[in-house]
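1. Curious how this folds, go ahead:
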Amino acid sequence: ALSVAVRDPLGNIVVHTEPLDARIYGGRLAKVPFLRGLTLLWDALGLGIRSLLFSAEVALQEEAGKDADGNPEKVFEGPLQWTLVAFSLSLSILLFFVLPTFLAHFIERILGLENSPVAVNFIEGMIRLALLIGYISVIGLMADVKRLYGYHGAEHKTINAFEAGAELTPTSVARFPLEHPRCGTAFLLSVVIISILIYSLLPPLDLLPRILSRLVLLPFIAGIAYEFLKFTAAHQGNALIRLITRPNLALQRLTTREPDMDMLAVAIAAFENVLAYERSQTTVQLGDTILTPAPAAGDV
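-> Predicted structure coming up:
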């Protein structure tokens, strides 16, 4: 399930919880190595965008009208919401994949590197990495995004507290670290680094085939990044693994801020609703068969 908690203009916590598509998160795709990485790509981009739209919807409820039943109208429901999601996803791909390829091709022509695909792909990867770090750094200067990053930190602290078996109260959760090895930020950095390695294996290509290769290989790279993240998160007790994942954790310093107690309360409310939903699904009756799946903290 996906659960989003935000504060409305009156300071009350509003929580929205919905089941995720079982065909994606609980079906065959979620069990196939490398292919299941596509779900995390959707988590990092699609679900994140929808969550932001929900927060905007709650913030605008005082200005929105009422429907026939007296409830606030849904500001971002239906085609508009999906149009915004599609636009944001397309913009992300253009900014972080197509633009670096175009700029690297321009540098290749200037420096005469047509027969040096490894060098060109390395330059492209560095441009992509610089754009990613620069983007999250620049938007982090905005007041609203700083607050968003504070909620991101609250989310991490809540998960860390739960996995440590601690009490889920703001005071208890506050003492846990901001970083988490399964963060979406770490996933995006892994995608960028792995893309440098994968694209370097390709032969010299003209601009259009090169751009198409980036788009076609993106799901494959996302799959590798997912498996890397899953493996390293499960082996944090190994000193070498901790060393390898240090850049991922360091990058999270850009996308998280120390949350205040109100932010921690919001994160805890969202997480407890996910737990409540999972508990409600632990006994599912299908005809004469009763399935009792075991809870898995790593899937929350």
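
2. could you pull out the helices for the protein?
-> 22-25, 37-42, 48-59, 79-93, 99-111, 117-139, 143-163, 170-173, 184-199, 207-234, 239-244, 246-255, 261-280 (DSSP state H).

3. and those helices as TSV, adding distance to H16 and mean neighbour count?
-> In short, each C-beta sits where N, CA and C put it, glycine included. Formatted as TSV, the helices of the chain follow (distance: least, C-beta to C-beta, whole Å; neighbours: other C-beta atoms under 10 Å):
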stretch	distance to H16	mean neighbour count
helix 22-25	17	12
helix 37-42	18	20
helix 48-59	6	18
helix 79-93	13	13
helix 99-111	34	17
helix 117-139	24	17
helix 143-163	15	20
helix 170-173	21	18
helix 184-199	19	21
helix 207-234	26	17
helix 239-244	36	12
helix 246-255	22	17
helix 261-280	9	18
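
4. so which of these comes closest to P9?
-> helix 48-59 (6.5 Å; C-beta to C-beta).

5. So which elements touch the closest one?
-> Packing partners of helix 48-59 (3 or more C-beta pairs under 8 Å, 6 or more residues apart in numbering; DSSP states H and E): strand 2-7, helix 79-93.

6. I'd like the mean pLDDT over the last one, please.
-> Helix 79-93 shows a mean pLDDT of 78 in the predicted model.

7. returning to that earlier point: which of the helices of the chain sits closest to A1?
-> helix 261-280 (4.2 Å).

8. Now do the closest one: distance to the chain's middle.
-> 18 Å (C-alpha atoms, centre = their mean, to the nearest Å).

9. Name the residues that touch it?
-> Contact with helix 261-280 is made by 1-7, 13, 15, 17, 19, 150-151, 153-155, 157-159, 162, 168-171, 173-174, 259, 295, 300, as judged by C-beta atoms under 8 Å, 6 or more residues apart in numbering.

10. how far out from the middle of the chain is stretch 182-200?
-> Distance, centroid of stretch 182-200 to centroid of chain: 13 Å (C-alpha atoms, centre = their mean).

11. what comes into contact with that stretch?
-> Contacts for stretch 182-200 (C-beta under 8 Å, 6+ apart): 40-41, 43-44, 48, 96, 117-118, 121-122, 124-125, 128-129, 132, 136, 156, 213-214, 217, 220-222, 224-226, 228-230, 233, 245, 247-249, 251-252, 254-255, 298.
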